[in-house]
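Trainee: Build me a structure from this.
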Amino acid sequence: MSEPGLAYRAVDASLGALSHLATSIDNSLRPVTANANAYSRDPDQEVNAATAVIEGFRRQLRLGIPIAPDIQAVYSVVDAIQNSKSLDDRKMLLEHALVFMSRLPRGSALAQKGQDAVISMRKFKYIRICPSPATYVGDAYRFRAADGGNNNLLIPDLDSPPPSAELPDPELVFECLLKRDKVTPHPAGLSAMFFSFATLVIHTCFRTNHRDVTINETSSYVDLAPLYGNNQEDQDSVRRWDGTGRLKEDVFTENRLLFLPPAVCTILGNSAHATTRNLAVHRSQAVPDQRGGQFRDPETLKEEQRKQQDHVLFNTARLINVGFFVSIVLGDYLASILGIVREGSDWSLNPFQDIVQSERNHVPRGKFNLLYHWHSTTSAIDEQWTEGVFRKIFGDKPFEQITPGEFAKASALVASAEPDKAKWEFGGMKRGSDGRFNDAELAQTIINATSHVASAFKARGTPPVLRVVEILGIMSSRKWGVCSLNEFRKFIGLKPYDSFTEWNSDPEIATAAMRLYKHPDNLELYVGLQAEETKPVVPGAGLCPGYTISRAILSDAITLTRGDRYLTTDWTTNNLTCWGFDDATRDIENPSFGGMLGKLFYRTLPGQFPENSIYLWFPLMTPDAMKTNFTKVGIAGDYDFSRPTAPQPVQDVTSRAHVMDVIMETACIHTPYGKKVQAMFDKDPGFFLALNDEHDHTFKTIIYQNLIAPSGTYFQSYFYEVTKTLLQDMSYTLGSHQSKCLDIVDVFENVVMRFVSEEIGGLSLKSESNPRGLYFERELRDMIDDIYMHVFTDIDIQHIFRIAKNAKSFSKRLLLHINQTYIAANGLGPITERIFGFFSGTGRPSYDFMRRLHKTGKPKDQLCKAVLAAIVASFEYVPALINVVNFYLDPAQAEHKTQLVALASSKDPQANNVIAGYVREALRLDPLFSHARRVVVENTSVKGSNYKRGDSLFLSIADSNLDVSPLPFVSVDPRRPADSYTLMGDGLHRCFSDEFVHSTMACAVRAVFQLNNIRRGPGKSGILKRFTDSDGTTASSCYLNSKQIITPFPTSLTLQYDV
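Mentor: Presented below is the predicted three-dimensional model:
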């Protein structure tokens, strides 16, 4: 690393330590009465002023100062003042302004004013109409119409597709100014994938009718028309109509895309948007939301009910998917256009704000279509592919002899060859028997397009094969009667060109244009845009097209989104659902700084990309360019720049005997948690939860021998007494005063937080008796939650980096306080560390445990990591206890509930053992995890099955736990032998032993069922709000937390009992 980079890391580390100290002192000094506010506090945000200042300064160091001393910036400002209506865009005023805004502190007043100023740029010749009111109610207005109508509510049909001087010959213009002379790599490193995505955006907004080129057949909105169609007939042809709201497999409606490089189709329908749209349907159907909960199985519905449910699900998912697409445009796409992706910046324009009176819907004139004819950027690989398509259609006919009429006729013939859109194929790929394309082939299409650099914008840049397409573009623009280049520049407030050399400084290009057009005022818009001199690679510029295109497309993109009420006033959780709203919104904490394509590809092509692959997170730039960019800003080490390889297929292991043998084969088959643990602690042993090597098992044994073995029945009594106390403390009286309610999730969370803080780690909780404690229960829970999620759970890709970052930060913070407990318990450390213990309020109950650990002779730091591992594993108690209580409150288990109630009040010394049997049975029939993952690290054979190094195994825990002989496996039998169960999970049970876990759980469950007439709470409050996620996760059931992240941890379950 360079010396400046090392210096930055050193300064950042020092500031981070200072920030942590400020936070710890602030936490300690908070009043106990702040506990109520702690429940609404976001643990990711530091709240005290000192920490906020330090963290803000750290972020600003990474981004750089907002504006560097640059004489060019001064010139641009002076020009803007002197020529406000005729700016010289060569002075780069807009680029300097965008760079300045991207480096401002996030959320500052100045940053917001800058956003407003850019979004308000309106110097375009759009047809203006009346502003839309806020919104109307009813399904006719709540969802997008197939043809784009009803968007402007006062004129609902407005946006539906509506039924000079002598110029040189188009063929001559092409040969002189447009025909490619050589391939020039894009100067900023944009990939071929960037322009495949750009093609999709362009085809969303423009569809010229070949019989009448004055007609645009699509709406003027960024609404994924190529996927959904431009009319109801097209839309109906890709839907299933089965009550689920889903599309057919790998389908889209736009036949023009079949002529284009395969990456375009891959992005749109066959790997990405069609699939993620069906995921949106699934999640909208499965995840309960504010509008009344889950949808019903279509098989149970009457025809009219099924149609209505299909209508709502389809259109809700469409709103989510279009919003997702627009977020890609404003995230990945715009970041590449502006070049801010090169700096690792998360800044972007945010046009998702309410439409004010001055905002107008619009219909773009033909001149704006001409901004997007980017044929010169065709990469070498896409040029070869296009030549192959043309030869397949036109045979050996030379490209220069293909006429516009022949092209239009051939296009129509090819497009109508297969009427069934579900049978369309492209790029040489074939559909499988299920109607889908192969994931590995689709992934390779994306990888190939990402790895190849696009060509630069330039005069004489259009491949010869596209000659007929360019000629059609020139002819169409003339038929539309669009203005000249200079007139267009005046329209958008730019200085007109006085000479051809000012337009393009290349003497050869300027001379050719002068011979053809005589005077700059005669230069037609289409040709003038394509052959204009291009913008250099500078901060604020990444697309680097001609200057006029660069200035126009930014405001055009803003106008397209600002004029769409579904992206402004109707961009609400009510229309998209809470999950959908969050899913379609940019997350600036993800690995691509708010990009969305990585999330899309990882989700729809599972297993095809490593989690930190540069191909996944930045596909619009070439890996070589991103490696150079990220090396400069010091973050290249966070990403994998190697080309992704096809993954090994996942092998299912289902039988009980086979599952048990695989679990026991720890030498050659490991858990997948080791890499995640190393990401937090490098290779330093202690945090043993991976349980893959000798060190892991050593520290697991140390914890068991020093925490559990000496305790006798202490912890069983502890769980019972603490649960019983909290059940009373956290109950509230109903209006009748005859019953009370409580949230059993909150109760069990507090039980576990007290257990890990008081008895294991000495992580002092703030209370009336301990006012200098560091954490409220909910704060500590959130910290442990993120660490557990990072190690054990299948997290949605967009949250992986953020949760990993939180896990590392929270681990360091908790280890510091565990270390203070260890030092205080054993009388170690200098006086300064003992003074710091005053602020951490170390708890006494854990001291004996810490002293026993000290006697093992193991290094202090490693022992503290082992303690943290035990704390994290304990978090699994919460969902396990909830599953048990929920299981026996089900009406189908009424008989067993009655027996549990009797056992809970029984004085029989064997009652706890029987309750523990009920606990095991509930976890067998309603398990926390349906599967467990394993990775083969050395070639081995298990039960006659041969496994190779690198193989991935998916162990069916749920199925294997049903394979219990000789007793019936579907019935509850609390006296089933304890050794007849397989793995219950990779965390809690493997850390503490099944016997300890089930006996302590039995005591907590006993306290619950001692409550008089314990039952579910009224209405939906007494229903566990969970769903099954079909996205390949190991959890049996999933929940949606307050951040709209899907987790395996329950959020709320209200119980009621009589006083």
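Trainee: Return the residues in contact with residue 440.
Mentor: 608, 646 (C-beta atoms under 8 Å, 6 or more residues apart in numbering). Using the backbone N, CA and C atoms, a C-beta is placed for each residue, glycine as well.
Trainee: Need the three-state assignment for it.
Mentor: Using DSSP: H, G, I helix; E, B strand; the rest coil, the structure places residue 440 in helix.
Trainee: Check which helices and strands the longest helix along the chain sits against.
Mentor: What stands out as the longest helix in the chain, according to DSSP state H, is helix 797-826. Here helix 797-826 touches helix 3-29, helix 597-604, helix 674-681, helix 777-792, helix 831-840, helix 847-854, helix 860-874, going by 3 or more C-beta pairs under 8 Å, 6 or more residues apart in numbering; DSSP states H and E.
Trainee: how about a cut-off of 6 Å?
Mentor: helix 597-604, helix 674-681, helix 777-792, helix 831-840, helix 847-854, helix 860-874 (3 or more C-beta pairs under 6 Å, 6 or more residues apart in numbering; DSSP states H and E).
Trainee: Compute the inter-axis angle for it and helix 597-604.
Mentor: Between helix 797-826 and helix 597-604, the angle comes out at 90 degrees (axes from the mean of the first three to the mean of the last three C-alpha atoms, to 10 degrees).
Trainee: Pull out the buried residues from helix 797-826.
Mentor: Across helix 797-826, burial judged by 16 or more other C-beta atoms under 10 Å covers 797-804, 806-811, 813-825.
Trainee: residues near residue 417, how many?
Mentor: By the measure other C-beta atoms under 10 Å, the count of residues near residue 417 is 9.
Trainee: Ramachandran coordinates for it?
Mentor: According to degrees, to the nearest 10, the main-chain angles of residue 417 amount to phi -70, psi -40.
Trainee: The chain should start at 33 in everything you say after this.
Mentor: All right, first residue 33 from here; so that's residue 449.
Trainee: picking that back up, state the mean pLDDT of the longest helix of the chain.
Mentor: Regarding helix 829-858, the rounded mean pLDDT is 90.
Trainee: separation between the closest residue to residue 294 other than its chain neighbours and residue 467?
Mentor: In space, and not counting its chain neighbours, residue 294 is closest to residue 459: 2.9 Å by C-beta to C-beta, 6 or more residues apart in numbering. Noted for residue 459: a distance of 17 Å to residue 467, by C-beta to C-beta, to the nearest Å.
Trainee: Tell me which of the two has more neighbours.
Mentor: Taking other C-beta under 10 Å, residue 459 and residue 467 do not tie; residue 459 has more neighbours (19 against 12).
Trainee: The more buried one and residue 199, how far apart?
Mentor: Using C-beta to C-beta, one gets 38 Å for the distance from residue 459 to residue 199.
Trainee: what do you get for residue 1026?
Mentor: 84 Å.
Trainee: and stretch 731-744, how far out from the chain's middle?
Mentor: Chain-centre distance of stretch 731-744: 40 Å, with C-alpha atoms, centre = their mean, to the nearest Å.
Trainee: Can you say which of the helices and strands packed on helix 829-858 is nearest to residue 608?
Mentor: Shortest distance between residue 608 and these, using C-beta to C-beta, is found for helix 629-636: 16.2 Å.
Trainee: Tell me where the stretch 233-382 of the chain has helices.
Mentor: With DSSP state H, counting those that start in this stretch as the criterion, the stretch 233-382 of the chain has helices at 257-260, 264-269, 294-297, 305-318, 335-360, 366-370.
Trainee: Ok, the stretch 983-1091 of the chain next?
Mentor: Using DSSP H, counting those that start in this stretch, helices in the stretch 983-1091 of the chain cover 989-994, 1020-1024, 1026-1041.
Trainee: Contact partners for residue 496?
Mentor: Taking C-beta atoms under 6 Å, 6 or more residues apart in numbering, we find residue 496 in contact with residue 431.
Trainee: what residue ranges in the stretch 733-882 of the chain score low on pLDDT?
Mentor: For the stretch 733-882 of the chain, the stretches with pLDDT under 70 are 861-875.
Trainee: With residue 469 as the reference, measure out to the residue nearest to residue 294.
Mentor: Counting by C-beta to C-beta, the gap from residue 459 to residue 469 is 9 Å.
Trainee: got it, and residue 331?
Mentor: Residue 331 is 28 Å from residue 469, by C-beta to C-beta.
Trainee: Residue 876: neighbour count?
Mentor: 12.
Trainee: Could you look up the SS state of it?
Mentor: coil.
Trainee: what's near enough to touch it?
Mentor: Residues near residue 876 by C-beta under 6 Å, 6+ apart: none.
Trainee: mind checking the SS state of residue 966?
Mentor: Assigned with three-state DSSP, residue 966 falls in the strand class.
Trainee: Would you mind naming the residues that bridge with the closest residue to it other than its chain neighbours?
Mentor: Of all residues not flanking residue 966 in the chain, residue 985 sits nearest, at 4.2 Å (C-beta to C-beta, 6+ apart). For residue 985, the beta-bridge partners are residue 683, residue 966 (DSSP bridges).
Trainee: was I right about residue 985 contacting residue 684?
Mentor: No - in this structure residue 985 lies outside contact range of residue 684 using C-beta atoms under 6 Å: 8.0 Å.
Trainee: who's more crowded, these two?
Mentor: More crowded of residue 985 and residue 684, by other C-beta under 10 Å: residue 985, with 22 against 12.
Trainee: Could you measure from the more buried one over to residue 968?
Mentor: 7 Å.
Trainee: again, but for residue 551
Mentor: Distance from residue 551 to residue 968, by C-beta to C-beta: 73 Å.
Trainee: Contact partners for residue 777?
Mentor: Here residue 777 is in contact with 1082, 1084-1085 (criterion: C-beta under 6 Å, 6+ apart).
Trainee: Try it again at 10 Å.
Mentor: Contacts of residue 777 were listed using C-beta atoms under 10 Å, 6 or more residues apart in numbering, and they are 910-911, 913-914, 917, 1056, 1071, 1081-1087.
Trainee: ok, now residue 501?
Mentor: Applying C-beta under 10 Å, 6+ apart to residue 501 gives the contacts 291, 405, 407, 418, 434, 436, 439, 494-495.
Trainee: Now do the SS call for it.
Mentor: helix.
Trainee: Quick check: the gap between the residue nearest to residue 564 when sequence neighbours are not counted and residue 1014.
Mentor: Excluding the flanking residues, the one nearest residue 564 by C-beta to C-beta, 6+ apart is residue 578, at 3.1 Å. Separation of residue 578 from residue 1014 (C-beta to C-beta) stands at 66 Å.
Trainee: neighbour count winner among those two?
Mentor: Higher neighbour count among residue 578 and residue 1014: residue 578, with 25 against 22, using other C-beta under 10 Å.
Trainee: Spit out the contact partners of that one.
Mentor: By C-beta under 10 Å, 6+ apart, residue 578 lies in contact with 121, 403, 408, 489-491, 517, 535-536, 560-567, 584.
Trainee: Now the buried members of the residues you listed.
Mentor: So, by 16+ other C-beta under 10 Å, the buried ones in those are 121, 403, 408, 489-491, 517, 535-536, 560-567, 584.
Trainee: Could you chop this protein up by domain?
Mentor: 35-95, 103-151, 159-195+199-514+556-615, 682-1090 (automatic domain parsing).
Trainee: Mind checking the pLDDT average for the third one?
Mentor: Along domain 159-195+199-514+556-615, the predicted confidence averages to a pLDDT of 82.
Trainee: Repeat that for the shortest one.
Mentor: Model confidence over domain 103-151 averages 62 on the pLDDT scale.
Trainee: where exactly do the strands run in this protein?
Mentor: In the chain, the strands defined using DSSP state E lie at 159-160, 394-395, 682-685, 701-702, 764-765, 771-775, 963-968, 972-974, 977-979, 984-988, 1047-1048, 1071-1072, 1078-1079, 1086-1090.
Trainee: so which of these gets nearest residue 612?
Mentor: strand 1071-1072 (11.2 Å).
Trainee: Which strands or helices does the closest one pack on?
Mentor: helix 610-615, strand 1078-1079 (3 or more C-beta pairs under 10 Å, 6 or more residues apart in numbering; DSSP states H and E).
Trainee: mind putting these in JSON lines, mean neighbour count and distance to residue 132 included?
Mentor: JSON lines is the format used below for the helices and strands packed on strand 1071-1072 (neighbours: other C-beta atoms under 10 Å; distance: least, C-beta to C-beta, whole Å):
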{"stretch": "helix 610-615", "mean neighbour count": "21", "distance to residue 132": "30"}
{"stretch": "strand 1078-1079", "mean neighbour count": "21", "distance to residue 132": "38"}
